[in-house]
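Enquirer: got a sequence here, can you model it:
(chains A and B)
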Protein chains: 2
Amino acid sequence: MTYGTLYGVGVGPGAPDLLTRRAIKVLRRADVIVLPRSSYYGESVAWKTVRTVARKPEEQEHLFLTFPMKRDPTRHKEAWDKAFAKIGPRLERGLSVAFATEGDPSLYSTFIYLQREAPIRWPGIRVMVIPGVSSVAAVPAVTGIPLADGLERVAIIPAGYGVTDLVDVLNRFDTTILMKIGSEMENIFEALRITGLTDKATYVSRATMPQQRMVGNIREMTPERGDCFAMIIVSRKERSGVLAGDVSPGKLLEKADA
Amino acid sequence: MTYGTLYGVGVGPGAPDLLTRRAIKVLRRADVIVLPRSSYYGESVAWKTVRTVARKPEEQEHLFLTFPMKRDPTRHKEAWDKAFAKIGPRLERGLSVAFATEGDPSLYSTFIYLQREAPIRWPGIRVMVIPGVSSVAAVPAVTGIPLADGLERVAIIPAGYGVTDLVDVLNRFDTTILMKIGSEMENIFEALRITGLTDKATYVSRATMPQQRMVGNIREMTPERGDCFAMIIVSRKERSGVLAGDVSPGKLLEKADA
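Expert: This next block holds a predicted model:
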């Protein structure tokens, strides 16, 4: 059987002009655009970007699928079974399907599970990943604080799944990006206090979107529940860049080992 | 004094169609585009992408500046002094300057030092960062292996500056991205052997460029000197995604703590 091509299309962090030319081309040509949303009644965040380039509904199908943001894996399984039942017949009819994801499709996107399952469910299918500007790249663009320069190391931690070793990670990486904060805000604040890095942390939610929120001094924040777009970026900036006085390797490492 | 706006423009990992609409707009409107290259006689990698959207040389200045890729910080200092001497007078004349960087301007880009120095040298200057698709996002798009899903953590390590704690990092992060490999290839191979992760490593150089090189089985490689675009990605994929059997937090952490 010859299936239609399945695309995972990164549509960028939220601002529609952060779409790439390749993403625009794929979204315009696709027979079906799949748009994930977190609830049946809610809006698809990806659609706000995709609608700026999509064809009219009579020329191209816009298929909204609901993926609840839950930690309970059985809820995900149910949503994916429904999604496969919708996407499968279209691929089997030879239609090209572009699955739109916010940010980049390879970093915590809804598409990843589909990417893994596709060759099992539809053997021989062509799967293409169109990389996008990730939310991780959007944050330094709005805060003005680079992610990493020269010697610096970066850790990306989905905090909502546990931050028991966060103090150690904060001590050993120049930049720590905490995503999926959920109910872990209080534990994150505590780890920042222990490491003395509270003043090096910035809270950013929905970078580049109209609803963007940025808090440079997180002491001003109550340990609220982070929304699913919220990130806390901790930038030590102790050995930034190639022009820093000391470029000998292992300085931070020695400290960590001590 | 009113200076021209300074832009750091991420032009993506190499394929010209991975430029964003915002980058195209800024590059087309800028009075001056600065294009870094690693030697006076060498080609600017960013130019291969920028030339697809730049205006004609009589309508817009294309200023090539040389930044040797050296670990010796004094070499960088000299290159930057020359660069400031070229860029400064243009900003002082009110010209807008777009500094093109490969990938994303906030992750190991030449622009970062300029971004830090600009407000000191030209007080009150407007600096804008245009995020781009980073080389880190390009790699999973060409290998088909996502960077991180669900519970997974990511470490980005500039290996050329020392990998003394690499065994520990490899054990504690689901995905480890080794950049700036330089002469560290042999040490990286050794760390992979110790951790038993050799089969989980992929070598990728110049992802999405015509010269792209990918080695899925790094046992086939001699420990050569990695070129400056080379990366080794190590993907454990032991607890991938939301549908993995065990979503309890801290599983990998406990192992690391033991």
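
Enquirer: ok, whichever residue of the stretch 51-200 of chain A sits closest to chain B - how many residues close by?
Expert: The stretch 51-200 of chain A approaches chain B most closely through A:Gly162 (2.8 Å), counting by C-beta to the nearest C-beta. Bear in mind the C-beta positions are built from the backbone N, C-alpha and C, glycine included. Here the count is done by other C-beta atoms under 10 Å in any protein chain shown, and A:Gly162 has 19 residues near it.

Enquirer: mean pLDDT per helix and strand in chain A: which one sits at the bottom?
Expert: None of the helices or strands of chain A scores lower by mean pLDDT, DSSP states H and E than helix A:251-257, at a mean of 38.

Enquirer: so A:Thr202 sits against A:Arg219, correct?
Expert: No - when contacts are counted by C-beta atoms under 8 Å, A:Thr202 is not listed as touching A:Arg219 (11.9 Å).

Enquirer: can you pull the residues that touch both of the two?
Expert: Common contacts of A:Thr202 and A:Arg219 (C-beta atoms under 8 Å, 6 or more residues apart in numbering or on different chains): none found.

Enquirer: higher neighbour count, the two?
Expert: A:Thr202 (21 against 10).

Enquirer: so that one, which state does it fall into?
Expert: Three-state assignment for A:Thr202 (DSSP: H, G, I helix; E, B strand; the rest coil): strand.

Enquirer: what does the model give it for pLDDT?
Expert: A:Thr202 carries a pLDDT value of 95.

Enquirer: ok, A:Pro146 next?
Expert: A:Pro146 is assigned 94 on the pLDDT scale.

Enquirer: from memory it sits against A:Val136, does it?
Expert: No - using C-beta under 8 Å, A:Pro146 is not in contact with A:Val136; the gap is 12.0 Å.

Enquirer: so for these two, which sits in the more crowded spot?
Expert: A:Val136 (30 against 27).

Enquirer: relative to B:Ser96, how far out is the more buried one?
Expert: 27 Å (C-beta to C-beta, to the nearest Å).

Enquirer: now swap in A:Ser38 and tell me
Expert: From A:Ser38 to B:Ser96 the distance is 40 Å (C-beta to C-beta).

Enquirer: can you list the domains in chain A?
Expert: A:6-130, A:135-242 (automatic domain parsing).

Enquirer: show me what counts as buried in the longest helix along chain A.
Expert: With secondary structure taken from DSSP state H, chain A has its longest helix at helix A:73-92. For helix A:73-92, a neighbour-count test (16 or more other C-beta atoms under 10 Å in any protein chain shown) marks A:73, A:76, A:79-80, A:83-84, A:87, A:90-91 as buried.

Enquirer: which ones are touching A:Gly124?
Expert: A:Gly124 touches A:1-3, counting by C-beta under 8 Å, 6+ apart.

Enquirer: over to A:Pro68?
Expert: By C-beta under 8 Å, 6+ apart, the contact list for A:Pro68 reads A:38-39, A:75-76, A:79.

Enquirer: again, but for A:Thr202
Expert: Counted by C-beta under 8 Å, 6+ apart, A:Thr202 has contacts A:139, A:143, A:145, A:214-216, A:218, A:232-233, A:235.

Enquirer: again, only using 7 Å
Expert: For A:Thr202, the contacting residues are A:143, A:145, A:214, A:216, A:233, by C-beta atoms under 7 Å, 6 or more residues apart in numbering or on different chains.

Enquirer: of these - the most surrounded one?
Expert: Using other C-beta under 10 Å as the neighbour criterion, A:Ile233 leads the contacts of A:Thr202 with 21 neighbours.

Enquirer: doesn't that one belong to a helix?
Expert: No - with three-state DSSP as the criterion, A:Ile233 is located in strand rather than a helix.

Enquirer: quick check: it vs chain B, distance?
Expert: According to C-beta to the nearest C-beta, to the nearest Å, A:Ile233 stands 11 Å off from chain B.

Enquirer: now the closest residue to A:Trp122 other than its chain neighbours: which helix or strand?
Expert: Counting by C-beta to C-beta, 6 or more residues apart in numbering or on different chains, A:Trp122 lies nearest to A:Tyr3, which is 4.9 Å off, once chain neighbours are set aside. Of the helices and strands defined by DSSP states H and E, none includes A:Tyr3.

Enquirer: surely A:Tyr3 meets A:Arg121?
Expert: No - with contact defined as C-beta atoms under 7 Å, A:Tyr3 does not reach A:Arg121; the gap is 9.6 Å.

Enquirer: when the two are compared, which one has more neighbours?
Expert: More crowded of A:Tyr3 and A:Arg121, by other C-beta under 10 Å: A:Tyr3, with 22 against 13.

Enquirer: and the gap between that one and B:Phe111?
Expert: Applying C-beta to C-beta to A:Tyr3 and B:Phe111 gives a distance of 42 Å.

Enquirer: just A:Val9 next, same as before
Expert: Taking C-beta to C-beta, one finds A:Val9 at 27 Å from B:Phe111.

Enquirer: who's more crowded, those two?
Expert: Using other C-beta under 10 Å, the more surrounded residue of A:Val9 and B:Phe111 is A:Val9, with 29 against 25.

Enquirer: ok, the more buried one to A:Gln212 distance?
Expert: Separation of A:Val9 from A:Gln212 (C-beta to C-beta): 23 Å.

Enquirer: please, where are all the strands along chain A?
Expert: Assigned by DSSP state E, chain A shows strands spanning A:6-10, A:32-37, A:61-66, A:97-101, A:127-130, A:154-158, A:175-179, A:201-205, A:213-215, A:230-235.

Enquirer: what residues does the fourth one touch?
Expert: If I follow you right, that is strand A:97-101. Taking C-beta under 7 Å, 6+ apart as the rule, strand A:97-101 contacts A:4, A:6-11, A:26-27, A:30, A:32-35, A:46, A:50, A:87, A:90-91, A:109-111, A:114.

Enquirer: now do 8 Å
Expert: Strand A:97-101 is contacted by residues A:4-11, A:26-27, A:30-36, A:44, A:46-47, A:49-50, A:87, A:90-91, A:105, A:109-111, A:114, A:132 when judged by C-beta under 8 Å, 6+ apart.

Enquirer: do the same with the fifth one
Expert: Applying C-beta under 8 Å, 6+ apart, the contact partners of strand A:127-130 are A:5-10, A:20, A:22-23, A:26, A:105-106, A:111, A:115, A:118-119, B:140-141, B:144.

Enquirer: I'd like the average pLDDT over that strand.
Expert: 97.

Enquirer: partner strands of that strand, with direction?
Expert: Using DSSP bridges, strand A:127-130 pairs in its sheet with strand A:6-10 (parallel).

Enquirer: quick one: contacts of the strand it pairs with?
Expert: The contact list for strand A:6-10 (C-beta under 8 Å, 6+ apart) reads A:20, A:23, A:26-27, A:30, A:87, A:91, A:96-106, A:109, A:111, A:114-115, A:118, A:122, A:125-134, B:133, B:137.

Enquirer: can I get the CA coordinates of it in PDB?
Expert: The C-alpha trace of strand A:6-10 is given here as PDB (Å, rounded to 0.1, in the frame of the first residue of the first chain):
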ATOM      1  CA  LEU A   6       3.200  12.200   7.100                       C
ATOM      2  CA  TYR A   7       4.800  15.500   8.100                       C
ATOM      3  CA  GLY A   8       5.600  16.700  11.600                       C
ATOM      4  CA  VAL A   9       5.700  20.400  11.100                       C
ATOM      5  CA  GLY A  10       7.200  22.800  13.700                       C
END
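
Enquirer: and stretch A:112-124, how far out from the chain's middle?
Expert: Computed by C-alpha atoms, centre = their mean, to the nearest Å, the separation of stretch A:112-124 from the middle of its chain amounts to 21 Å.

Enquirer: that stretch: which residues count as buried?
Expert: Under 16+ other C-beta under 10 Å, the buried positions of stretch A:112-124 are A:112-116, A:118, A:122.

Enquirer: likewise stretch A:44-57?
Expert: A:44-50, A:53-54.

Enquirer: touching it from outside, list them.
Expert: With contacts defined as C-beta under 8 Å, 6+ apart, stretch A:44-57 is touched by A:11-12, A:14-16, A:18-19, A:24, A:27-28, A:33, A:35-37, A:60, A:62, A:64, A:100-102, A:209.
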